[in-house]
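> below are the sequence and a predicted model; questions follow.
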Amino acid sequence: MGLSWLRKNLDPEIQPGVVYFVDDDNTYDLKIFAQMRKTKKVSVWPVGLVGGLRFESPIVKNGKVTGWFTYWKPDRPFALDMAGFAVNLQLFFTYPEVEFSNYVKRGFQESTVLSGMMVTLDDLEPLADNCTKVLVWHTRTEAPKLTSEDKMKRKFGLGSDPNVEV
C-alpha cells in the first residue's frame, strides 16, 4: 500500500527522495538517515543482531559489494535484511510493476524487489564506512540470539569480523 501511495502522490522529478523500509522493532543511529539521502540507485549497509549473528553485512572490496556475510541462505541474489538497504524513489516509478508480494518465498522479498528493478551488485552503494559500521539493529523486545555465530565458524571458517563496529 505504501508503494502505491508513493506512486499516486509523488512526482520524483519534483520531489526526489529515497525509500527505506523501517521497522518498529529496530533501533537506528540517525547517521544512517543522513547517509542514505545520497542514494543514487540502491545503498546498502550492515544490520546488527540479525540472522543469529552479531551482524549481517554486504562484503565490500575496493568500494564495491562482492557478496554477503550471512549465515541464512547466503546464495540469495541479495542476501540482506530489509533494514539494510534504501532505494532511490525514481526506481519505483521506472519499474511500476515492482511490489511486495505475499507469495514470495520467506527471506526473498528483498531479492524479489531489487531484482525486479534490474539492480545488480555493481549498482549497490556501500554506506556506513564501506559497511564496517553497524548503524541499524534488530533490537526487538527480547534478548538477541546469536546462535549462528558458531555455526558460521564451522561452516565457513569465520564468524563476525571483530573489527566491525557494532
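Here it is on my side, so go on.
> got the contact list for the helix or strand bottoming out on mean pLDDT in the chain?
Using mean pLDDT, DSSP states H and E, the weakest-scoring helix or strand in the chain turns out to be helix 148-156, at a mean of 83. By C-beta atoms under 8 Å, 6 or more residues apart in numbering, the residues outside helix 148-156 that reach it are 51-54, 71-72, 158-160. Backbone N, C-alpha and C define where each C-beta goes, glycine included.
> out of the residues you listed, which are buried?
By neighbour count, with 16 or more other C-beta atoms under 10 Å, the contacts of helix 148-156 hold 51-54, 71-72, 159-160 as buried.
> what's the burial count for residue 33?
14 (other C-beta atoms under 10 Å).
> ok, it - contacts?
With C-beta under 8 Å, 6+ apart, residue 33 has these contacts: residue 20.
> could you list the buried residues of the strand or helix carrying it?
Per DSSP states H and E: residue 33 is located in helix 30-36. By neighbour count on 16+ other C-beta under 10 Å, the buried set for helix 30-36 is 32, 35-36.
> next: stretch 151-159.
For stretch 151-159, the neighbour count (16+ other C-beta under 10 Å) marks 152, 159 as buried.
> next, the distance between the ends of stretch 140-159.
End-to-end distance of stretch 140-159: 22 Å, with C-alpha to C-alpha, to the nearest Å as the criterion.
> what ranges do the strands span in the protein?
For the chain, the strands defined by DSSP state E cover 18-20, 27-28, 42-44, 47-50, 53-61, 64-69, 85-88, 124-126, 136-137.
> center of the protein, which residue is that?
Closest residue to the average C-alpha location of the chain: residue 84 at 2.3 Å, with C-alpha atoms, centre = their mean.
> thinking it is in contact with residue 47, fair?
Yes. The criterion here is C-beta atoms under 8 Å, and residue 84 meets it with residue 47 at 4.5 Å.
> need the overlap of contacts for those two.
56-57, 136.
> from the residues you listed, which is closest to residue 25?
Residue 25 has its nearest neighbour among the shared contacts of residue 84 and residue 47 in residue 136, at 11.5 Å by C-beta to C-beta.
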